[in-house]
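Peer 1: This is the structure alone, sequence omitted:
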């Protein structure tokens with residue numbers, strides 16, 4: 001039970017190895033050897049010894065639990081999950097909340113969400129006063145629209161378990177705000193302010209007001225947090241991220257510069273993330289900003305194997321300025337990263353967009369088709385694929401995707417615009433006008449009509465422009481321009497400002 005000196009552990013190990021030879025079927029020797037290796041920090045050897053004990057008939061719940069925990073710590077989830085099932089076959093063995101918590105995490109790692117949720121519910125039930133198990137259940141319930149009541153009640157249990165912890169309060173505020181229950185959310189924020197630790201209060205209130213979509217109050221409390229803890233790198237990093245989210249990049253840059261100034265003791269993980277954020281901000285400005293950003297990012301790539309997120313960010317930044325050399329390096333990086341693990345759909349799209357050379361067109365088409373197929377419920381992915389095939393003059397590939405988009409999102413502006421453009425290209429300008437009028441009529445509320453009028457006017461003007469080169473006759477252009485003028489005038493009458 002107590003940590004033994006290394007020399008003593010070596011002596012115990014030698015004695016146990018001798019006993020193994022004398023009593024090869026005695027499972028308890030293997031258990032003692034496993035515990036010895038655990039104390040020595042040799043986890044692979046401990047796992048092997050626990051396996052040896054079980055193989056020799058050792059059937060004790062504590063041994064099985066230790067092995068499950070060690071396997072999970074080594075991300076050997078398949079074997080850990082198999083042992084969880086074996087453990088549950090023993091009805092007489094104890095099932096604690098912490099066991100079900102671990103079992104749930106293992107099931108999720110095996111992509112078995114249903115079983116993970118089942119175990120999470122049992123863990124939360126057995127540990128009503130454990131904030132971690134309640135919050136894990138909330139995470140497992142996720143965005144399930146049918147579980148909103150359960151999510152709320154679980155969050156309130158997590159709060160009751162420890163009212164000083166900010167995260168359950170913030171998650172409840174987020175939950176209520178998402179349901180447009182803003183007054184209740186604000187009441188929760190006010191209640192929480194009486195319990196949250198004074199040192200954490202400013203940053204907590206800032207996060208709460210941000211969730212309530214009150215950026216001025218949020219900024220006020222973020223700045224108060226900086227004032228109180230100006231030497232705390234984590235606080236500076238959190239506030240810089242707030243400014244990035246709100247688009248105030250100058251203020252974000254000042255805080256990020258401060259983190260890299262050398263005046264503060266900054267943990268490596270925060271320094272790495274700070275460089276990533278600064279590189280992204282600088283690259284938004286111009287090509288020289290890109291070069292500054294890449295040079296800064298290179299500092300994260302110096303020691304050992306470069307982190308995946310830094311290589312991804314480098315590829316994304318290069319893709320923003322697709323000169324030939326940048327484009328080729330970005331393509332190489334994306335493909336190397338893709339070979340290691342799947343790319344998110346946004347990076348799949350970036351890679352497909354970079355494939356512009358004549359000998360890359362077939363590969364680009366294939367990637368766009370796969371992107372649309374794998375992300376059929378993601379409107380942005382469908383729109384990007386449709387644009388590609390439409391620009392390439394491949395209606396046989398664009399139109400099925402457009403119909404799919406219209407079915408999923410009947411009010412998607414892009415679908416109306418492209419449908420109207422296709423009608424105009426086929427000489428059916430009256431049909432294009434009808435499509436635009438339908439788009440305006442479909443506004444879900446009166447407040448939406450004005451922006452739709454302006455959108456329809458801009459769309460019609462674009463299609464009527466000679467620069468689009470779709471071969472409209474003068475009278476056809478006039479029909480579209482008349483529609484645009486009509487909507488601009490209606491919009492002006494609706495809102496003179």
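Peer 2: Everything's here; your move. Since the structure is predicted, the reported quantities are computational estimates derived from the model, not experimental observations. Numbering: from 1, shown residues only.
Peer 1: residues in contact with the strand or helix carrying residue 217?
Peer 2: According to DSSP states H and E, residue 217 maps onto helix 215-228. For helix 215-228, contacts defined as C-beta atoms under 8 Å, 6 or more residues apart in numbering pick out 199, 202-203, 205-210, 235-236, 238-239, 242, 246, 255. Glycine gets a C-beta too; all of them are placed from N, C-alpha and C.
Peer 1: I'd like to know which of those residues is nearest to residue 92.
Peer 2: Using C-beta to C-beta, residue 207 is the member of the contacts of helix 215-228 that lies nearest residue 92, at 46.4 Å.
Peer 1: so where do the helices sit in the stretch 51-200 of the chain?
Peer 2: With helices called from DSSP state H, counting those that start in this stretch, the stretch 51-200 of the chain shows them at 61-73, 77-89, 97-109, 113-126, 131-141, 148-161, 166-178, 182-192, 198-211.
Peer 1: Packing partners of the fifth one?
Peer 2: In this structure, helix 131-141 packs against helix 97-109, helix 113-126, helix 148-161, helix 166-178, with contacts taken as 3 or more C-beta pairs under 8 Å, 6 or more residues apart in numbering; DSSP states H and E.
Peer 1: Next, the angle helix 113-126 makes with the first one.
Peer 2: It stands for helix 97-109. With axes from the mean of the first three to the mean of the last three C-alpha atoms, to 10 degrees as the basis, helix 97-109 and helix 113-126 are set at 160 degrees to each other.
Peer 1: Tell me how far helix 97-109 lies from the chain's centre.
Peer 2: Mean C-alpha position of helix 97-109 versus that of the full chain (C-alpha atoms, centre = their mean, to the nearest Å) differs by 22 Å.
Peer 1: tell me the angle of that helix relative to helix 61-73?
Peer 2: Following the same axes, to 10 degrees, one obtains 40 degrees for the angle between helix 97-109 and helix 61-73.
Peer 1: Check which helices and strands the helix or strand hosting residue 298 sits against.
Peer 2: Residue 298 belongs to helix 287-298 when elements are defined using DSSP H and E. Using 3+ C-beta pairs under 8 Å, 6+ apart as the contact criterion, the elements in contact with helix 287-298 are helix 268-283, helix 308-320.
Peer 1: okay, those in a markdown table with distance to residue 151 and mean pLDDT next?
Peer 2: Written out in a markdown table, the entries for those read as follows (distance: least, C-beta to C-beta, whole Å; pLDDT from 0 to 100):
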| stretch | distance to residue 151 | mean pLDDT |
| --- | --- | --- |
| helix 268-283 | 29 | 95 |
| helix 308-320 | 30 | 96 |
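Peer 1: closest one to residue 315 among the helices of the stretch 51-200 of the chain?
Peer 2: Taking C-beta to C-beta as the measure, the helices of the stretch 51-200 of the chain were each checked against residue 315, and helix 97-109 came out nearest at 27.4 Å.
Peer 1: what comes into contact with the closest one?
Peer 2: Judged by C-beta under 8 Å, 6+ apart, the contacts made with helix 97-109 from elsewhere in the structure are 65, 68-69, 72, 75, 77, 80-81, 84, 87-88, 113, 115-120, 122-127, 130, 132-133, 136, 140.
Peer 1: Quick one: buried ones out of the residues you listed?
Peer 2: By the neighbour-count criterion of 16 or more other C-beta atoms under 10 Å, the contacts of helix 97-109 include these buried positions: 65, 68, 72, 77, 80-81, 84, 87, 115-120, 122-124, 126-127, 130, 132-133, 136, 140.
Peer 1: For residue 375, see how far away the spatially most central residue of the chain is.
Peer 2: Closest residue to the average C-alpha location of the chain: residue 344 at 9.6 Å, with C-alpha atoms, centre = their mean. Remark: distance between residue 344 and residue 375 (C-beta to C-beta, to the nearest Å) = 10 Å.
Peer 1: swap in residue 216?
Peer 2: Summarising the geometry, the distance separating residue 216 from residue 375, computed by C-beta to C-beta, is 37 Å.
Peer 1: These two: which is more packed in?
Peer 2: Taking other C-beta atoms under 10 Å, residue 216 and residue 375 do not tie; residue 375 has more neighbours (19 against 7).
Peer 1: For the residue lying closest to that one once chain neighbours are set aside, give me its contacts.
Peer 2: Distances taken as C-beta to C-beta, 6 or more residues apart in numbering place residue 381 nearest to residue 375, at 3.7 Å, with adjacent residues excluded. By C-beta under 8 Å, 6+ apart, the residues touching residue 381 are 345, 349, 371-372, 375.
Peer 1: Those residues into TSV, with extra columns for distance to residue 177, pLDDT and secondary structure?
Peer 2: Output for the contacts of residue 381, formatted as TSV (distance: C-beta to C-beta, whole Å; pLDDT from 0 to 100; DSSP: H, G, I helix; E, B strand; the rest coil):
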residue	distance to residue 177	pLDDT	secondary structure
345	27	92	helix
349	30	94	helix
371	33	93	helix
372	33	92	helix
375	28	88	coil
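Peer 1: pLDDT value on residue 481, please?
Peer 2: Turning to residue 481, the model gives it a pLDDT of 89.
Peer 1: Surely it is in contact with residue 459?
Peer 2: No - taking C-beta atoms under 8 Å as the definition, residue 481 is not a contact partner of residue 459, at 12.0 Å.
Peer 1: Between those two, which is the more surrounded one?
Peer 2: residue 459 (25 against 16).
Peer 1: sec struct for that one, please.
Peer 2: Classification of residue 459 by DSSP: H, G, I helix; E, B strand; the rest coil places it in helix.
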